[in-house]
Each structure stands twice: as structure tokens, then as C-alpha cells.
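Q: Quick one, structure for this:
(chains A and B)
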There are 2 protein chains.
Amino acid sequence: MSTESQQKPAQENQAPKRTQISEIGKMALLKRLFEGTQYNNSAFTKFEGRIPGKAGRTKDVNNFLTVQKTMLEGIDFDLTYTPLKHLGYKAALLALGSIYAKCFNPASLAFSLGLSARFCVEDIEELWMGVLAACKEHNIEKLTLDLGASMTGLNIAITACGVQSSKLMATFPAVDNTCLLCLTGNVGAAYMGLHVLEREKIAFNKIPAERVAEYVQPDLGKYKYILSQYLSPEINPKTTEQFKEARLFPAWGGFITNGLAAAVKELCQEHNVGAKIYLGKIPIASQTFAMAEELNMDAITAALNGGDDYKFLFAVPVQEHERFHKEFPNVDIIGHLCKPEAGAVLVTPEGAEITLRAQGY
Amino acid sequence: MSTESQQKPAQENQAPKRTQISEIGKMALLKRLFEGTQYNNSAFTKFEGRIPGKAGRTKDVNNFLTVQKTMLEGIDFDLTYTPLKHLGYKAALLALGSIYAKCFNPASLAFSLGLSARFCVEDIEELWMGVLAACKEHNIEKLTLDLGASMTGLNIAITACGVQSSKLMATFPAVDNTCLLCLTGNVGAAYMGLHVLEREKIAFNKIPAERVAEYVQPDLGKYKYILSQYLSPEINPKTTEQFKEARLFPAWGGFITNGLAAAVKELCQEHNVGAKIYLGKIPIASQTFAMAEELNMDAITAALNGGDDYKFLFAVPVQEHERFHKEFPNVDIIGHLCKPEAGAVLVTPEGAEITLRAQGY
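A: Model prediction:
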């Protein structure tokens, strides 16, 4: 028997390799993370005011949009049940979503990670795989990463930049108090997925230490949809292009990460309008209702105030109603803007109006 | 005696007011912070591809530069001895410095704060005063703020955007291995200031609880210079303009926040060059030497590897030597670039060459 094959079973039983970052150094780790990618980790993200047009076409002057997001361990995510690769992907989407919401094309992402001592090289590689997957999917031109220390846990800051032709932007309609409110998918499912994960975590933590080895991960298959909504949300990378192709732009767009109600209230505050959304029109998945029942929770609250939906809310001029419906068949009209005096309200099927509540407002 | 004057002594003895953020809500706090400022906290930072030229002059196409920085409590600052107002000011400068280093004009700042429960409304107002002071001094057009929760301490993420005319940028010289290395001020002083503060913190923590009331803050007057270098560094807001007026641009610029050695190594790595810096040419303040002696530390190490200098390192084409010296009399030439094989070295007065070391490399 060769030495190689003798060693094999031992290797299989070994715990995954954990290389301390100090063993290889920050610069070597950064080099490793960017190796084989199309990106070079230049500390700066520079954009030219012109983007190359099609052959022979005049170049266009651009508008730029910058958005900054942060994700903190223990507040915005829990690594007990969030795989690092999924987290990296979600962090990228968190920033990109706000770029798409305003109909800009994402161009760059800058990541800063604050790491406590428990994170090793392999952890960062995992997270980075998720980031790179999102960059590939969303055609990101420039990507940078800065690594630093953190006292506790993992700390992620993300800046995304997007570009849009100035000429095109001038054609965007204005927000007025007759606009329709449109939603690009069902809400509340991610929040229910999070609750499944939280429940499993609590159950696991109750197992006495001496019996942990016997623990068999429960079959979470029946929660697949809501779990995927929480752990691996998606954004259609053609979002901006779809609007451009239809020559039909929303008057306002928001990326829903903190609950539908917060997005509606943000729009109302930003443009001094009121809003009515109709309870019966809000798309909620059957799995969300089922899980809410299982947990004895309210699905409507999950839909209005649960986080991590990663869907878009658009305000669309009422006169574009039919065209919009035809061009974007998967978008649900859930309500409309109104005069500011009416406030932001939820209208029940019985016609009662309930003031929308959202965290921070 | 009027009721007013009767109440006065009582008021003087009151502890400063501490309003919980939950008492007024996040949105009300944000509103309060932006009230009376020229800024509206629009979630997005949009730049137009054109900036208004002087009356009648053609508008110019711009390049954009985005830089993201983070500052974490316990890692990058200690609130025991860092006033929040100073911290806000420094955080703004940390991001702005990188914009100036590349000869861009700063245009916007986006702040995200992660706050643990111990921070109150008044704390954030203090910090924000420092941010607003920096914005005024540096003529920032757009300023945004996002507030979130943090598990431990204060967490600051800052994104700065800068603009520069594309036409002008095309005139920037290229980095080559004959460039001179120039420094805009002395280094190591901030690091020594930090050590004074750390020493006082340790001394204070040793006082038994029952004797804290007797504590008299020591006279730190003799450390004024090094303390100010740490607590209230400054950047000349005309930095970019000076270069423009002289029509003399550096081939490379870096903002020194993590030690001179790290900045030199960054330049070497980015452009595949070597560098020689001359020990005898590095400007070090007499107060830095004095404090280093008092603490039995090495002033050279503080100058090379101490953080928070907030000075600029520029690489300037050797043929511009005389013009540069004339136009920027306060800048010190500390060395030059060379072929990559030579590495990044410190040359002692005796002519010995010591490889530069920096954190992370």
C-alpha cells in the first residue's frame, strides 16, 4: 500500500483546513482572492464620464449613482445558519438592488471586511466566492476589497456604483400623487425562512453537549421555498435593461430589504405624497401563509415588516398602466399614491384604512 | 428671588441630557441632524456627468472616484479619550484624504453608523457636528447618513466621491522608476499622541473606584502638538486646487493613514517599482522625538509604521523637481522610486539599506 493511500482515510477524517490570516498576511490573502479573476484590487474606483458607445456612435455623458450598505454579524446575519458563500452573494445584492431600483446599470462594487480573530483564510475565500458569483451575474466591471480587524464578529461594508445615460434619465417621469405602486414579487417569505432557521438554532442549542454528536439535521425540505428566499434571493440582472427596452421608466424605485411598509413610507416622505396599498393585492406565497400558521404568526405582518425580501417597489404613472402591465406581466399593482394628507395606509378588503407602521418611523 | 434663578444651580448640577434614540425614533433623529444644514438626506448620491463651468464656458466631462473607509470602535478608535465631535471630523477626513491624494475634488460623503444601545441622540449629534464641520471646510455638496444597530460599540462606514475633469486627468504624468517621493508634513506625531492618551487611560483605570472623585486630569499641555496631530488632523482643502493652479500633477498620490511604510509599499506594488527612502530626510517633529524618548520607544518606527498621520505621499516626475520645490515649498523630498528588483528600502545615513516593513505585507 502506498503512503498516499494510507494517508487518505486520515485526511478524510480531518477537520477542514483552517489557515490563520496572520500566517500568510493580508496582502497575500488579497492577492489570492483576486487571482484568476478579471479584477485587480486597485484601491480606487474610477469611472470615466463617457462610456463606449456602439461602433461609430457618439459617446454619451453619464450620471452616476453611489450607494453604501453595511451588514453586521449578530444584527443583519447569523453565521450559525448562513453559509458564508450565501452571505457574500447577498451582501453584493443588497448594494446592487438599490442601483437597479433607480434604473442604473451597476458598474462597481467595493467591499470592506472587518474580521475578528476567529475568521480564517478559508472563511474569507468562501465569502468571496459568493461575491464573485454576484459580480459575474451582474456584469460588475470593477471590484475592490479591503480587509481590517474587528473586535467582534464579521463586519461588511459595501459600496456600489451605477451608471446611466444622462439623456435617458431626463426622460424619467416625475412622481405625482396618482402614480400606481407596483411590486416585483411576493413579500414576507424571506422573513418566514429566517424564522425556520432561528427555530432550528434554538432547538439545536438545547441539545446537551454530550448528545450533540447524535444530532441529525432535520429535513427542511418542506421549507425549501421560504429558505431559498432568505438564503439565496435573486435579482434579475436585466432589470434596468427591461425598462430601457420598453422605453418605460418608473417615477420612483425602491429595493425592499427592510419591509414593504418601510419602502412605501420612504417614498411618501421623499416626495411628500400619501399612499394606499390594498391588503388583498399584496402577493404573499402560500408557503409564507403555511409557515406563519405553523409558527402562530401573522403573515400580513411578515409581508409588511419582515426584512430581506429583495424585491422592488416601483411607482408608475397611472397613464402607463396598460403598457406597464403588458411589458411587465409579473409585476403586481398593489396600490397607488395619493395626497399627503391621507398618509400611508393599508386598505383592508372591508375598506378600513390602517396607518402603515415601519421600523424607525 | 425668581423661580428661574432658584432653579439655576440645580440645572448646573444635572448630568448632561441623554435621550434614547428609541424615544424619538430613527427618522426623527435623522431629520434633526439634517435640519438647518444645506443637505437633504436623500438615500442616493447622484452625480451628473457634467459640472457647471464658469459663465459661458463649455461644460466638461468628468471622471469620478469613489473610496470607501470603515472605522470600528476598539480597533480604530477609543471613545474613552476621543471626543465624538473629533471622531466625526476625522472619519470624514479619512475618506476625503484618499480623494485629494488622487487630485480629485471631493463632492459627496455618505455615512453609515452602526450603533450599540449605549449611544444616545446627543452622542450622534456630537459626532455629526464634527462631520458637518469637515463638510463645510471641504465644500461637500451632498451628504447622507444611514443609522443602524450594532452588537458592540460604534461602527462607521464612509464613502466619499470625488470628481475631476477628464481633460485634466489626461495630463497627469505616468509613474516611472525615476519619480521622486514627496511628503506633505512630518510623520509619527499622531502615533505618539495616541500613546499619551493610552498612557493616561491606563493610569486612570488603575485608580480605585472610591478615589475616582478625587482624580484631577493631568496637565497635557506639553503634549499639545502630538495630541492635536492625533485628535484633530487637518487637510488643506485647496490640495487639489494647488496642483491645478501650478499645472503640475503628481504621478501618484497616497493618503498616509496606516504608516508611511505601508503607503510606499502600496505604491511599489501597484506600479511594480522599487523605492528608496532616506532616513535622514524623513521629517519628524521634535515633539515626536521627545515623546518617543519619554516612552522609551523608537521615533523612526513611529514615523514609518505609526498610523493616523493624515499626510500625503506623492510621486513626482524627476524632471519637475525644481518646479515642484518652488510651487510646494512645504513638501519634503524623502526619496525616489527605482527598479523593482531593489525592493522598497530605507537608506540609513551610513548608506545601509533596510527592507521596509509594513503591516499586512
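Q: Show me where chain A has its strands.
A: Applying DSSP state E to chain A gives strands spanning A:45-47, A:50-51, A:60-72, A:105-115, A:142-149, A:154-165, A:180-183, A:252-256, A:274-278, A:311-316, A:332-338, A:344-347, A:353-355.
Q: Partner strands of the third one and their direction?
A: What that stands for is strand A:60-72. strand A:50-51 (antiparallel), strand A:154-165 (antiparallel), strand B:45-47 (antiparallel) (DSSP bridges).
Q: What's the mean pLDDT across the last one?
A: When pLDDT is averaged over strand B:45-47, the result is 51.
Q: among the strands paired with strand A:60-72, which is the most enclosed?
A: Comparing these by mean neighbour count (mean count of other CB atoms under 10 Å in any protein chain shown), strand A:154-165 ranks first with a mean of 26. For every residue, glycine as well, the C-beta is placed using N, CA and C.
Q: residues contacting residue A:86?
A: A:130, A:231, A:232 (CB atoms under 8 Å, 6 or more residues apart in numbering or on different chains).
Q: what separates the first one from residue B:206, distance-wise?
A: Going from residue A:130 to residue B:206 by CB to CB, to the nearest Å gives 47 Å.
Q: ok, now residue A:224?
A: Distance from residue A:224 to residue B:206, by CB to CB: 58 Å.
Q: again, but for residue A:31
A: Going from residue A:31 to residue B:206 by CB to CB gives 44 Å.
Q: who's more crowded, the two?
A: When neighbours are counted by other CB atoms under 10 Å in any protein chain shown, residue A:31 and residue B:206 differ, and residue A:31 comes out ahead with 13 against 7.
Q: Quick check: the more buried one vs chain B, distance?
A: 9 Å (CB to the nearest CB, to the nearest Å).
Q: same check, this time on residue A:17
A: From residue A:17 over to chain B (counting by CB to the nearest CB), the distance is 22 Å.
Q: what's the least confident stretch among the strands of chain A?
A: Minimum mean pLDDT among the strands of chain A: strand A:50-51, a mean of 42.
Q: any weak-confidence spans in chain A?
A: Applying pLDDT under 70 to chain A flags the ranges A:1-14, A:43-61, A:360-361.
Q: Go ahead and flag the most central residue of it.
A: residue A:94 (3.5 Å; CA atoms, centre = their mean).
Q: Tell me who's in contact with that one.
A: A:69, A:71, A:158, A:257, A:310.
Q: Just give me the closest of these to residue B:98.
A: residue A:158 (17.3 Å; CB to CB).
Q: Could you list the residues of the stretch 51-200 of chain A in contact with chain B?
A: A:61-70, A:72-76, A:98, A:102, A:108, A:110, A:112, A:114, A:146-153, A:155, A:157, A:159, A:161, A:166 (CB under 8 Å from any CB of the partner chain).
Q: at 6 Å what do you get?
A: The stretch 51-200 of chain A comes close to chain B at residues A:61-66, A:68, A:70, A:72, A:74-75, A:110, A:112, A:114, A:149-152, A:157, A:159, A:161, A:166, as judged by CB under 6 Å from any CB of the partner chain.
Q: Redo the strands of chain A as TSV? Include distance to residue A:212.
A: TSV is the format used below for the strands of chain A (distance: least, CB to CB, whole Å):
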stretch	distance to residue A:212
strand A:45-47	45
strand A:50-51	55
strand A:60-72	28
strand A:105-115	27
strand A:142-149	31
strand A:154-165	24
strand A:180-183	43
strand A:252-256	38
strand A:274-278	46
strand A:311-316	38
strand A:332-338	45
strand A:344-347	45
strand A:353-355	46
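Q: so which of those strands comes closest to residue B:18?
A: Closest approach to residue B:18 among the strands of chain A (CB to CB): strand A:60-72, 23.4 Å.
Q: just the angle between that closest one and strand B:105-115, please?
A: Going by axes from the mean of the first three to the mean of the last three CA atoms, to 10 degrees, strand A:60-72 is angled at 20 degrees with respect to strand B:105-115.
Q: Which residues does strand A:60-72 contact?
A: Applying CB atoms under 6 Å, 6 or more residues apart in numbering or on different chains, the set of residues contacting strand A:60-72 from outside is A:91, A:94-95, A:98, A:102, A:104, A:155-166, A:169, B:44-50, B:64, B:66, B:110, B:112, B:114, B:150, B:157, B:159, B:161.
Q: which one among the contacts of residue A:86 gets closest to chain B?
A: residue A:130 (18.7 Å; CB to the nearest CB).
Q: which residue sits closest to the closest one, ignoring its sequence neighbours?
A: residue A:88 (2.9 Å; CB to CB, 6 or more residues apart in numbering or on different chains).
Q: Who are the contact partners of the one you found?
A: Residue A:88 neighbours (CB under 6 Å, 6+ apart): A:127, A:130, A:131.
Q: Quick one: neighbours of the second one, just the number.
A: Which is residue A:130. Residue A:130: 21 neighbours (other CB under 10 Å).
Q: residues in contact with it?
A: For residue A:130, counting by CB under 6 Å, 6+ apart, the contacting residues are A:85, A:88, A:89.
Q: For the stretch 101-250 of chain A, which segments count as helices?
A: In the stretch 101-250 of chain A, the segments counted as helices under DSSP state H, counting those that start in this stretch are A:121-137, A:166-169, A:189-205, A:224-231, A:239-246.
Q: and the ones you listed, which is most packed in?
A: Taking mean count of other CB under 10 Å, helix A:224-231 is the most buried of those, at a mean of 21.
Q: and that helix with strand A:311-316, angle?
A: 80 degrees.
Q: can you give me how far helix A:224-231 is from the chain middle?
A: 13 Å (CA atoms, centre = their mean, to the nearest Å).
Q: and residue A:173, which of the strands of chain A is closest to it?
A: Per CB to CB, nearest to residue A:173 of the strands of chain A: strand A:311-316, 8.1 Å.
Q: Determine whether any part of the closest one lies close to chain B.
A: No: judged by CB under 6 Å from any CB, strand A:311-316 and chain B are separated, with a smallest distance of 13.3 Å.
Q: From chain B, how far out is residue A:247?
A: 21 Å.
Q: Same check on residue A:194?
A: 16 Å.
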